[in-house]
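> structure for the following, please:
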Amino acid sequence: MNMTHYMELLAVNQPWNLILFMAIPVILAETVAISELYLLYTRNYNGAVHGLNRAASILVGVYFVGVFVYLVATAVIPITRAGAWRGPADVIAVLSYLAGVIPLGALALIDLKIIGKDKDDHQRMALHAVFVGIFLVVAHVAMVFGMLDPAVLGGARGGGHAGH
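Next comes the predicted model:
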């Protein structure tokens, strides 16, 4: 079966790669998204839900920076040097996945009050919601293109490993 490097990464070393590269960031991001809906509706920024939202945001931001650095060093650079990209779907999937570092990093920076420190709680949460939305878009683009057979968009047939 032909697959993108994104899908191959999730398929090899079961279940660990799936847990490390998909489950942990997605569960944390979904925790942020769901708790954020509650917070924006209730405007209760002093309770346990806000604490959960803040902790999950900081954790997912820091965690994903680590994932980003690891995958760039162990997969993106070697694949690029070897000229082993499997076509447009492969590149779009991997780069979209890695682009998640921007919104997830921003969530952590907002909750650490490095970004938006001059805003009140509700304004910061609204900014937070924008970055959650951006993450959901890039993550879903990565998933859709990642599940596509690279040959559909004229890419090479898979076969090599994603640096793992």
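
> which ones are touching the residue positioned nearest the centre of the chain?
With distances taken as Cα atoms, centre = their mean, Gly100 lies nearest the centre of the chain, 3.8 Å away. Counting by Cβ atoms under 8 Å, 6 or more residues apart in numbering, Gly100 touches Pro25, Phe64, Phe68, Phe135, Val138, Ala139, Ala142. Heads up, the C-betas are built off the backbone N, CA and C, glycines and all.

> and for Val132?
Ala29, Val32, Ala33, Glu36, Pro103, Leu107.

> now the last one. Nearest residue, chain neighbours left out?
Spelled out, it's Leu107. Among residues not flanking Leu107 along the chain, Ser57 sits closest, at 4.1 Å (Cβ to Cβ, 6 or more residues apart in numbering).

> helix or strand for the closest residue to Ala126 other than its chain neighbours, which one?
Spatial nearest neighbour of Ala126, excluding adjacent residues (Cβ to Cβ, 6+ apart): Leu40 at 7.1 Å. Assigned by DSSP states H and E, Leu40 belongs to helix 24-42.
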